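>>> missing the sequence, but the structure's below:
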């Protein structure tokens, strides 16, 4: 049965420094194993003052050498990764209302895009776990239902779908997804060591990342020019 864990890097807000919003997601055969081994790595390899924190994010780790070692450790856990990303400048107008962004609806669409990359499957159960976050303009129950309606046609008949938002401090697999999306963000933003971070997980990627809304503004321009 597929268990998919995902987390994001970046903000939709244009005022933040990042150009991209990225969602990294992975599936793995034995979720208990990855959870246990990542916790063990965290408590044995990180500096003493960090070992017993409930969560260590990619962005909070001070030493780049430790970042690379941790990413290589994650790659050896046999995680299989898909990711989607978008340039914040390319967000379509339909996700904007007045001066505000319909970020809850946009986030739901982005998550649906990355989940579809894992489909179709023959399993009768499909379980998704993402980090808990505020969904502006949409209830969590709506978020789940929209995704279920989108995924169900790609699954075998009578399949069971579970979609949960959970606190990342309580689940090491969500923390692994944070490290994956953090590494991908460094790579896409062309930050220092981004190439090295990407190389550490490159062989776990199930394909190229999918850029969303890439041709959106080009299509609008072509329509106006026609």
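Cool, got the structure. Quick caveat: nothing in here was measured; it's all calculated off a predicted structure. Residues are numbered from 1 along each chain as shown.
>>> list the buried residues in stretch 144-163.
For stretch 144-163, a neighbour-count test (16 or more other Cβ atoms under 10 Å) marks 144, 146, 147, 150, 151, 155, 159, 161, 163 as buried. Quick note: C-beta positions are derived from backbone N, CA and C, even for glycine.
>>> and these, which two are furthest apart?
146 and 159 (16.9 Å; Cβ to Cβ).
>>> following the longest helix along the chain in sequence, what is the next regular element?
In the chain, assigned by DSSP state H, the helix with the most residues is helix 172-188. Using DSSP states H and E, the helix or strand that follows helix 172-188 in sequence is helix 194-201.
>>> tell me the angle that following helix makes with helix 172-188.
Here helix 194-201 points in a direction 140 degrees away from that of helix 172-188 (axes from the mean of the first three to the mean of the last three Cα atoms, to 10 degrees).
>>> numbering from 695 from now on, please.
Okay, using 695 as the starting number, the last item reads as helix 888-895.
>>> residues contacting helix 888-895, please?
761-762, 765-766, 768-769, 775, 874, 876-878, 880-882 (Cβ atoms under 8 Å, 6 or more residues apart in numbering).
>>> how about a cut-off of 10 Å?
Contacts with helix 888-895, where a contact means Cβ atoms under 10 Å, 6 or more residues apart in numbering, come from 718, 720, 752, 758, 761-769, 773, 775, 777, 873-874, 876-882, 885, 887, 896, 899.
>>> just the buried residues from those residues, in PyMOL please.
Buried residues within the contacts of helix 888-895, by 16+ other Cβ under 10 Å, are selected in PyMOL with:
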select buried, resi 718+720+752+761+762+764+765+767+768+769+773+775+777+873+874+876+877+878+879+880+881+882+899
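>>> does residue 806 touch residue 844 like I think?
Yes - between residue 806 and residue 844 there is a contact under Cβ atoms under 10 Å: 4.8 Å.
>>> re earlier: avg pLDDT for the longest helix of the chain?
Helix 866-882 carries an average pLDDT of 97.
>>> and it, how far out from the chain's middle?
How far helix 866-882 lies from its chain's middle: 7 Å, per Cα atoms, centre = their mean, to the nearest Å.
>>> with stretch 852-868 instead?
Distance of stretch 852-868 from the chain centroid (Cα atoms, centre = their mean) equals 13 Å.
>>> what's the helix or strand residue 730 falls within packed up against?
Element membership of residue 730, judged by DSSP H and E, is helix 725-739. Other elements packing on helix 725-739 under the criterion 3 or more Cβ pairs under 10 Å, 6 or more residues apart in numbering; DSSP states H and E are strand 697-703, helix 758-769, helix 866-882.
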